[in-house]
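> My questions concern the predicted model and sequence given below.
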Amino acid sequence: MKRKKVLVFRELPEDQLARLQAAHEVTVANPRIAEQRSAFEAALPEAQGLIGSSFPVDEALLARASKLEVISSVSVGVDNYAPAALHARGILLCHTPGVLDETVADTVFALLMATSRRVVELSSLVREGRWSKNIGEDLFGHDVHGKTLGLLGFGRIGQAIARRAALGFGMPVLFHARHAVDLAAHAPELLGRATHTPLDELLSRADIVVAMLPLSDSTRGMIDARVFGRMKPGAIFINGGRGATVQEPALLAALDQGTLRAAGLDVFATEPLPLDSPLRTHPRVTPLPHIGSATHETRHAMAELAVTNLLKALAGERPLAVYDTAFA
Ligand SMILES: NC(=O)C1=CN([C@@H]2O[C@H](COP(=O)(O)OP(=O)(O)OC[C@H]3O[C@@H](n4cnc5c(N)ncnc54)[C@H](OP(=O)(O)O)[C@@H]3O)[C@@H](O)[C@H]2O)C=CC1
Ligand SMILES: O=CC(=O)O
């Protein structure tokens with residue numbers, strides 16, 4: 001097969017880079033690193049395949065990538081790409097659904113436990129030498145087991161979170177999504193334990209609300225002052241999906257006005273989180289640096305799937321996971 005030109009725009013594990021290099025001419029240049037930006041710019045016009053993540057490949061960049069056949073994202077979320085422009089030019093968009101579900105669900109659960117039981121705050125008390133007597137009620141947390149979980153988004157990852165909550169922690173699960181979900185067919189273990197619930201009812205009943213939504217035109221800014229205002233006083237909010245689904249000033253107001261007890265955030269509207277963001281230091285926010293899938297095992301599995309997708313696409317074969325840009 002003819003060797004093609006591949007531009008890797010975020011580091012890949014060595015063995016996966018080697019698979020690409022065995023088949024194609026590969027340039028590695030991460031445009032988020034200033035010293036690599038010009039190599040990225042130089043390789044882009046010739047690239048037939050792009051692989052990477054965490055960098056917006058927008059219409060302006062695509063316009064300069066005149067030979068491009070496929071983008072293989074090392075992520076399940078595809079909000080960094082311009083689906084309409086890709087569709088119009090017949091450029092394939094591949095992603096990594098499925099291989100990260102359990103790991104991201106673990107991360108969300110870690111945030112849920114940390115916020116409810118005040119793990120980071122109380123650990124700091126020990127580390128900073130402030131543990132001088134038994135803690136009192138003012139520092140008690142709240143139970144997680146048995147509480148009602150409200151899930152915004154009930155896809156692959158949402159369902160993995162629901163399994164942990166319902167089967168491991170005895171939590172009734174309410175979920176919100178636009179389409180009906182056939183639990184008997186897709187998640188029989190959640191039958192009788194998870195219920196499709198209108199948004200406002202979910203918000204008024206859930207003790208913990210978890211957002212696990214993709215970023216799209218329909219979800220951008222969806223979690224706004226109205227949504228926070230409908231939540232139970234003292235609710236906990238966790239975002240494991242995308243930062244821009246939340247209106248961050250409304251989140252801060254809900255925390256400051258006491259509607260929300262705490263928030264656990266793996267994602268932010270701007271990443272890395274700007275130093276002057278009040279969310280960085282807010283006493284009732286547990287922020288994480290977008291680590292949902294960041295384990296050795298899962299990041300490797302994602303890279304492997306993304307490389308397989310790219311190799312198949314460049315060989316004219318059907319990749320394992322193509323994102324349908326026609327309906328984006
Ligand atoms: N923090 C991290 O590191 C990670 C974050 N993510 C993020 O999580 C997202 C979800 O991943 P995954 O579970 O695989 O995706 P899926 O496509 O499997 O699930 C998405 C869910 O969101 C629902 N949804 C979409 N739009 C709306 C809307 N407007 N209103 C209500 N519900 C909506 C969908 O249902 P319906 O279409 O019926 O509305 C579906 O239930 C990714 O797109 C990514 O952005 C993913 C991995 C790691
Ligand atoms: O945010 C991570 C992803 O895979 O999407």
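Structure received. Numbers count the residues shown, from 1 in each chain. Ligands and ions are numbered 1, 2, ... in the order given.
> Flag every residue of this structure that's near ligand 2.
Ser75, Val76, Gly77, Leu100, Gly292, Ser293 (C-beta under 6 Å from any ligand atom). Backbone N, C-alpha and C define where each C-beta goes, glycine included.
> Kindly recompute the last result at 5 Å.
Ser75, Val76, Gly77 (C-beta under 5 Å from any ligand atom).
> Contact partners for the second one?
Shown here is Val76, whose contacts under the criterion C-beta atoms under 8 Å, 6 or more residues apart in numbering are His95, Thr96, Pro97, Gly98, Leu100, Arg156, Ile157.
> So for it, what's the pLDDT?
Note for Val76: predicted pLDDT of 98.
> Counting neighbours, what do you get for the residue lying closest to it once chain neighbours are set aside?
Distances taken as C-beta to C-beta, 6 or more residues apart in numbering place Pro97 nearest to Val76, at 4.8 Å, with adjacent residues excluded. By other C-beta atoms under 10 Å, 19 other residues sit near Pro97.
> coming back round to it: how about JSON lines for the residues of the chain next to ligand 2, with secondary structure added?
Conversion of these to JSON lines gives the following (DSSP: H, G, I helix; E, B strand; the rest coil):
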{"residue": "Ser75", "secondary structure": "coil"}
{"residue": "Val76", "secondary structure": "coil"}
{"residue": "Gly77", "secondary structure": "coil"}
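> What is the nearest of the residues you listed to Leu183?
Proximity of the residues of the chain next to ligand 2 to Leu183 (C-beta to C-beta) peaks at Val76, which lies at 21.8 Å.
> ok so, going back, what's the ChimeraX syntax to select whichever of the contacts of Val76 are buried?
In ChimeraX syntax, the buried subset of the contacts of Val76 is picked out as below (16 or more other C-beta atoms under 10 Å):
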select :95,96,97,100,156,157
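> Please flag which of the contacts of Val76 sit within helices.
Arg156, Ile157 (DSSP state H).
> which of the contacts of Val76 sit farthest apart?
Distance extremes for the contacts of Val76: the farthest pair is His95 and Ile157 at 13.1 Å, using C-beta to C-beta.
> Next one: Gly192 from Leu151, what distance?
Distance of Gly192 to Leu151, given as C-beta to C-beta, to the nearest Å: 16 Å.
> How about Ser277?
Counting by C-beta to C-beta, the gap from Ser277 to Leu151 is 26 Å.
> With Asp324 instead?
24 Å.
> List the contacts of the residue in the chain that ligand 1 sits nearest to.
Nearest residue of the chain to ligand 1, counting by C-beta to the nearest ligand atom: Gly155, 1.8 Å away. Residues near Gly155 by C-beta under 8 Å, 6+ apart: Ala177, Met212, Pro214.
> Excluding residues flanking it in the chain, which one is nearest the first one?
Distances taken as C-beta to C-beta, 6+ apart place Phe154 nearest to Ala177, at 4.6 Å, with adjacent residues excluded.
> So which bits of the stretch 101-250 of the chain are right by ligand 1?
Contacts of the stretch 101-250 of the chain with ligand 1, taken as C-beta under 5 Å from any ligand atom, map to 104, 153-157, 177-179, 213-214, 218-219, 240-242.
> In strands only, show me the residues you listed.
Using DSSP state E, no member of these sits in strands.
> Tell me the buried residues within those residues.
Applying 16+ other C-beta under 10 Å to these flags 104, 153-157, 177, 213-214, 219, 240-242 as buried.
> wait, which of those residues is closest to Gly146?
Phe154 (20.6 Å).
> For this protein, which segments count as helices?
For the chain, the helices defined by DSSP H occupy 14-23, 37-43, 59-63, 83-89, 101-117, 119-127, 156-163, 169, 183-186, 199-205, 225-230, 248-256, 278-281, 296-314.
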